[in-house]
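Colleague: I would like the atomic coordinates for the input below:
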Amino acid sequence: MISGLVSVLLLTGLPATASGLWYSSGAPAGPSDSYWKRFALGAGVSLLAHESAHMLTSLALGFHPYLAFDKGRPTVFSGIDSNKYPHKQFLFSAAGLTTQALIDEAILDIPHSRGGAFERGMLAAGIGTTLFYITIGRNASVSDISVMARTSSLSKTQLSLIFGGLSAIRALRISRDSTYAHFFVRPTQNGAALGVSF
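Modeller: This is a model prediction of the structure:
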């Protein structure tokens, strides 16, 4: 919870500090437009906030998180004995998705110039990460959803419905906000472009 709030407080300053990174939907896009770079940067910041929240939560609880590989995949481990401290392990596992949800809510609720590429990337990563964890990533042994189910009275299905439901509400809010029209389409001088050009 603490790491989630810290992340939100740090990242809510982005509208002021990163306004130059945002793409104004009313501005003409030229050949040198770096829309997808800003979109990827926003997605990367969201994923970094997710992993940082895990690490900060473990540290706040008095443990020592570490990075290691699980089946060739880099993973943040809590350093918490989940048999001895299941509630603390649950907090660690929930921190990443919760932080991304709080960041997305802050973007959607705090008044600012909306629709930029950077914030679109953050929103897409927040929703995409949740979608991954409630579908194909749900059954992995170190999946946030799997670990939360093992360390609480909630099932994987209940956790998937909770986090998936919140993401679905955010996706609905985005779809009803005209500043996020054509969410994955980059405006150009001659219409709209989908994808990345080289």
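
Colleague: Please give the element, helix or strand, for the residue sitting nearest the centre point of the chain.
Modeller: By CA atoms, centre = their mean, the mean C-alpha position of the chain lies nearest to Gly126, the distance being 2.8 Å. Here Gly126 sits within helix 117-134, counting by DSSP states H and E.

Colleague: Going by neighbour count, which residues in that helix are buried?
Modeller: For helix 117-134, the neighbour count (16 or more other CB atoms under 10 Å) marks 117-127, 129-131, 133-134 as buried. The C-beta positions use only the backbone N, C-alpha and C, and glycine is treated the same way.

Colleague: try stretch 149-165
Modeller: By 16+ other CB under 10 Å, the buried positions in stretch 149-165 come out as 149, 151-152, 156, 159-160, 162-164.

Colleague: quick check, nearest of those to Thr75?
Modeller: Nearest to Thr75 out of the buried residues of stretch 149-165 is Thr151 (CB to CB; 16.5 Å).

Colleague: Against Gly62, how distant is the closest one?
Modeller: 17 Å (CB to CB, to the nearest Å).

Colleague: which element is the closest residue to Ile127 other than its chain neighbours on?
Modeller: In this structure, Ile127 finds its nearest non-sequential neighbour in Ser167, 4.9 Å apart by CB to CB, 6 or more residues apart in numbering. Assigned by DSSP H and E, Ser167 falls within helix 156-175.

Colleague: and after the longest helix along the chain, which helix or strand comes next?
Modeller: Ordering each helix of the chain by length in residues (DSSP state H) puts helix 35-60 first. Sequence order places strand 66-70 as the next helix or strand after helix 35-60, per DSSP H and E.

Colleague: buried set for the helix or strand just after that next one?
Modeller: Next along the chain after strand 66-70, taking DSSP H and E as the criterion, comes strand 73-77. Across strand 73-77, burial judged by 16+ other CB under 10 Å covers 75-77.

Colleague: Return the list of strands paired to strand 73-77, each annotated with direction.
Modeller: strand 66-70 (antiparallel) (DSSP bridges).

Colleague: returning to that earlier point: average model confidence for the helix holding Ser167?
Modeller: For helix 156-175, mean pLDDT is 94.

Colleague: What helices and strands are in contact with it?
Modeller: With contacts taken as 3 or more CB pairs under 8 Å, 6 or more residues apart in numbering; DSSP states H and E, helix 156-175 sits against helix 86-109, helix 117-134, helix 144-150.

Colleague: if we look at it, which residues are touching it?
Modeller: Here helix 156-175 makes contact (CB atoms under 8 Å, 6 or more residues apart in numbering) with 97, 101, 104-105, 108, 123, 126-127, 130-131, 133-134, 138-139, 145-146, 148-149, 154, 180, 183.

Colleague: Apply 7 Å and report the result again.
Modeller: With contact meaning CB atoms under 7 Å, 6 or more residues apart in numbering, helix 156-175 is reached by 97, 101, 104, 108, 123, 127, 130-131, 133-134, 138, 145-146, 148-149, 180, 183.

Colleague: the inter-axis angle of the helix holding Gly126 versus helix 156-175?
Modeller: Going by axes from the mean of the first three to the mean of the last three CA atoms, to 10 degrees, helix 117-134 is angled at 160 degrees with respect to helix 156-175.
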